Each structure stands twice: as C-alpha cells, then as structure tokens.
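Enquirer: how would this look folded up:
(chains A and B)
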Amino acid sequence: MLEASGLTKTFGGLTAVENASLRVPPGAIVGLIGPNGAGKTTLFAMLSGFLKPDAGRVVFRGRDVTGLPPHEICRLGMARTFQIVQPFGAQTVRENVAVGAHLRHRGRAEALARAERVARQVGLGDELDKLAMNLTIAGRKRLELARALATGPALLLLDEVLAGLNPQEITEVIPVIRAIAAGQDGAAGVTVLMIEHVMQAVMNLAERVYVLANGRIIADGAPADITSNRAVIEAYLGQGTAERLRRAQGAVRI
Amino acid sequence: MRELAAIAVFALAVAAVPAFVTSGYALNVVIMTLYAALLGQAWNILGGFGGQFSFGHAVFFGTGAYAMAVLQVKFGWNAWAALPAALALGGAMGALIGALSFRYGLRGSYFALVTLAFAEVFRILANTFDFTGAGVGLMVPLAATAARMQFASPAGYLYLILGFVVAGFVVSWWLKHSRYGAWLQAVRDNEESAAALGVDVFGVKLRAIVISGVLMAAGGAFYVQYLHYIDPHIAYGLGASVEALLAPIVGGMGTVWGPLLGAALLHALGETTRNLMGDAPGINLAAYGVVLVLMVSFMPRGVMGLFQARGAARGSTHA
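Expert: Numbers count the residues shown, from 1 in each chain, chains lettered A, B, ... in the order given. Below is the predicted model:
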C-alpha cells in the first residue's frame, strides 16, 4: 500500500528525519511510535505531501507520490488527520465532514448524506448540527477522523487521534478504529498508519510497529517484541536503562 | 430553495418600485443602494466566503469602468458589446492578481496590501496614458437610448443594476449550496485542513477572485453608463475599494443577504447624516468610519448575525 524509503528532512542545521523507511501492507494497522520530538509528525508530513523530503521516495499504491501537493495525494486515496485538531470552527459537524465527502461526491445532498453516515460511524451522530468550535476535545478528535474518512481513503494516516482523551474515551475510540480498518456496512477496509503515544492502543490495534527516535527508525516488528527491544527502552528511558532494568530484575529474583 | 425564492421575490418587489415611486431622488437612492450592494456582493464572494480580505477591489471596478468607457469612446463599440468585454477584463485582472499573490501564499494583511498596491499602480497608469484620457478622464457621450445602454428614465437604470445584483445574489446562493462553495469556505476557515481533505487551495482561491472581479467590473460598467464619466481617482481610488468592503462587513460577511442589508443601512445612515449635518463634505464618510470600527469590534458577524438561527454560538465567536 505504502512504501517509504530513505526519507530525510532537515530544518536549518537540525535533521528532523534521517533516512527513514517503512512499509505499510494493504489491510494492516501499522503503528509509529517514538519519544517526543522524534520526528513522527515530520515523517507524516512528508508522506502526505505537506513537506517535501530532502531525499527519499514515497510510493503509494505503486505510484511515486514524492513531492506531490497534499490535495493530489488525498485524491489518490491517502487521507491524514492532524495532531493539533484543525476544524472549520464556524461550520457545523455535518458541514465539516461534507468537505471531505465532496472529494468523491459532487452533489451537495449526496455529500451531506455521506457526511452524516460517516459522522455516525465515529460516534458523532448526536452532534451533527453543533458548530465544530463547540465540540469537546474528544469530539474534535472524532471530527478529524470523520473528515479524513469521508474522503473515502484507501490509507488513513492518524496523527495521535487518542492524545488528550480520558481512559474511557480511549476505550470507546479503539473499536471505532478497528471497525474502520476491518471495513463495515459493505465498505472496504481501510489500511491504517497511526502515530500513537497511548501504548494500550498500539498494543491493541497494531500488528506491526515502527519506532522512531532522533529522526531514525531504530526498530520495527510485532508490538510484543518492540516493548522488550533494548534500543527502544533506551530511547524512551535513557542510555543504560535496559541494562539496569535487567540487573534490577535479576536482583529481585535472587 | 427557499432562499432562491426569496431572491425572486426581492427582484420582483424592486422591479415594481418605479410603478409606485416617481421621484427621481428616491429612485436614485434605490439605484445607488443596489449599486453598493453589487460592489459589496463582489467583495463578499472573495472576502466573506473565501476569507481573502482585499483592500483594493477598485482595481476590478476601475478595469470594468475603463473597459466600458474606452471601448465606446475610443473604439466606437456599442455599449452592449463592450459590457461582456468589461466583465471578461475584470475576471482576467482577478486571475492575474490571484495567480501572483496566491501562488506565493500571501494571506491576511499581506494580501490586502498587495491588492491595495495593484489598485494604486493602475490609478497611476490611468493617470498617465492617453487612451484612458489621462487625468482628465473620459466622458461617454449622452445618447439616451436602450440600444446604447442609456435610459431616459431612472427606471431603466434600476432594471439594469437590479439584473447585476440578482446575478450576484444567485452566485452567492450557489456558494452556499455547492461543492465549490463548501471548498471555498473550508479554505477560508483553515487552508491546511482543506488541503488535507483534497481541496486544491490555490485553484479554489483563484476561481473566487475571478468571479469577484467579474462582478466588481459589472459595478464599474454600470457606473460609467449611469454617470457617463470616469477618471483615475473614481476608477482606481480608495473610494470604490472601501465601498465594496463596507457593506458586507456591516451586513454580514459570507451571507447571501449581508451585502444588501449593509448597503441599505449605510445609505440610510449617509442620507441621515447629510440631512442632519448639512453638506459638510465627507461627513457621511466619517460616519461610515465610526460604524465600521464599531461593527468590527462588537459585531464581527454583522447585522445578519443577529438574525441567524445559529445565534447560540454567538457568545463564543471570536473575530
């Protein structure tokens, strides 16, 4: 579905992402994790056309989309959400989602009908006529998801859709994402690449996880393997931690 | 559909005015109000629906006005043939300015300044070149016959301007009910989000400035036919630019009826201050200025904001 190779982006003297490669097979849910400032959002921006990579290639559904503008990439079937939600504040939830729906539906009535269906799918059914600026943060996260989904994507890039939600809201949204990936109501499943800090969600949803630290992919594999990966633990908790943890565990055993 | 019916009712009601009102003064007030509503609607399409605040809409107004005058006076065209050319040139001017400023991502006050600069450049050019009559301006010879788009009675002009205004209304209505309109308002509210949802931000803004330019040029063309005279200051001066943005800001930006409402209120205000304060030059402009400051500070959604069903959200609107 998506294959990125050797992506690099520097801002002035700072290398935000260096030689990052990843593969998202069709139908999968793939996680992208890493400490704050690792470059996850920059990597997303390069995949979705918001930033031009300094080097590297992005191939989406067999087509080289490196450097295409975001709206064209969206038209080809890759939709993204923003970590910092960006609703059309003065418009209702229905109108917000309809903007996404218009990508594949010219008629206003059709787009509004599709917007309503998608909004219900993510649990915004009761807030269709609310102005987006009056939604709670959880509501806005759902709105981001609904708008992206309404474009009818084959691949969804989710940038921390669970951040800022309370545990109950998180447990509500996880099945929504799973249902989107699996496909429902006759709709085909959507491949998902998600940046996520909520480990519960990553462990629960993703079948494969990439770990980004200091702009480099330092590990990838099944979620269970990743959590015990030495490089990953050190990236999160500091150099030498893995060793100390192991010794501490050993000491307890004795 | 209800709004479309309302536009039709409005058109019929205004069309009936000359049957009941014969006073030339009163008809002139109606005509000038409609004219202000047309300029306002033109600005509203780009500024109200598209969020691109132009400070130099005179550049389209003046282009339409000069095209109309030059083609008739210097090239001997019939006014009805000159009109489509004037509209096309207004649109072309929109495409030119839009392509230059949107290509480089100019927004907000930068876009406002660029449009202001364009209007100023064209004012100076019109002041310089001979074929625009330079500083003296151009006079369109009187020939009160409908065949030359001139009319012996004010009623004729009223129908002409009403036609333009209704066209502007229909465009505005279409923006409320079409995919393109949804995209334009999405771009206004958040360009990045719009792009992420597959909206070609540049293309959408470019189309808006072209449509806006065509309507504004219609205003310029009407001006020439009604008052038979144009000079660089009238065509490309600040006056037309300010008149265009005032009505929608007062009436309600991004609404179908806002520009008309604003134009009517401003004209009522202008006439009243003139009657109260006598003919002190520019006293109505001073009143406009005060109203503008008050509106922007306290009622960013304009007078239409008071009527809208979504009033519940008013408290949380921050301009």
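Enquirer: and residue 153, what is it in contact with?
Expert: No chain specified, so I'll use chain A. Listed by C-beta atoms under 8 Å, 6 or more residues apart in numbering or on different chains, the contact set of residue A:153 reads A:74, A:77, A:78, A:79, A:190. C-betas here are computed from N, CA, C, even on glycine.
Enquirer: Chain B is the one I meant
Expert: residue B:18.
Enquirer: if we can go back for a sec, in helices only, show me the contacts of residue A:153.
Expert: The helices, defined by DSSP state H, take in residue A:74 from the contacts of residue A:153.
Enquirer: Chain B: which of the contacts of residue A:153 is nearest?
Expert: Nearest to chain B among the contacts of residue A:153 is residue A:74, at 3.7 Å by C-beta to the nearest C-beta.
Enquirer: Could you count how many residues lie near the closest residue to the closest one other than its chain neighbours?
Expert: Once flanking residues are discounted, residue A:74 sits nearest to residue B:198: 3.7 Å by C-beta to C-beta, 6 or more residues apart in numbering or on different chains. Residues lying near residue B:198 (other C-beta atoms under 10 Å in any protein chain shown) number 25.
Enquirer: And residue B:214, how close does it get to residue B:46?
Expert: 11 Å (C-beta to C-beta, to the nearest Å).
Enquirer: the more surrounded of those two?
Expert: Per other C-beta under 10 Å, whichever of residue B:214 and residue B:46 has more neighbours is residue B:46, with 30 against 25.
Enquirer: Tell me where the model's unsure across the stretch 151-254 of chain A.
Expert: Applying pLDDT under 70 to the stretch 151-254 of chain A flags the ranges A:185-186, A:250-254.
Enquirer: Adding neighbour count, write the contacts of residue A:153 out as TSV.
Expert: What follows is the contacts of residue A:153, written out as TSV (neighbours: other C-beta atoms under 10 Å in any protein chain shown):
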residue	neighbour count
A:74	26
A:77	20
A:78	30
A:79	28
A:190	22
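Enquirer: quick one on the thing from earlier: give me every residue that touches the residue nearest to residue A:74.
Expert: A:71, A:74, A:75, A:79, A:100, A:103, A:151.
Enquirer: ok, 6 Å please
Expert: Taking C-beta atoms under 6 Å, 6 or more residues apart in numbering or on different chains as the criterion, residue B:198 is in contact with A:71, A:74, A:75, A:103, A:151.
Enquirer: I'd say residue A:122 and residue A:144 touch.
Expert: No - contact criterion C-beta atoms under 6 Å: residue A:122 and residue A:144 do not qualify, at 9.4 Å.
Enquirer: what about stretch B:100-107, start to end distance?
Expert: Separation of the first and last residues of stretch B:100-107 by C-alpha to C-alpha, to the nearest Å is 12 Å.
Enquirer: ok, back up a step: just the buried members of the contacts of residue B:198?
Expert: For those, a burial check counting by 16 or more other C-beta atoms under 10 Å in any protein chain shown picks out A:71, A:74, A:75, A:103, A:151.
Enquirer: The last one against residue A:100, yeah?
Expert: Yes - counting by C-beta under 6 Å, residue A:100 is a contact partner of residue A:151 at 4.5 Å.
Enquirer: what sits in contact with each of these two?
Expert: Counting by C-beta under 6 Å, 6+ apart, the residues touching both residue A:151 and residue A:100 are residue B:197.
Enquirer: so how far is residue B:190 from whatever residue of the stretch 1-150 of chain B ends up closest to chain A?
Expert: Taking C-beta to the nearest C-beta, chain A has its nearest neighbour within the stretch 1-150 of chain B at residue B:51, 10.2 Å off. Distance, residue B:51 to residue B:190, by C-beta to C-beta: 10 Å.
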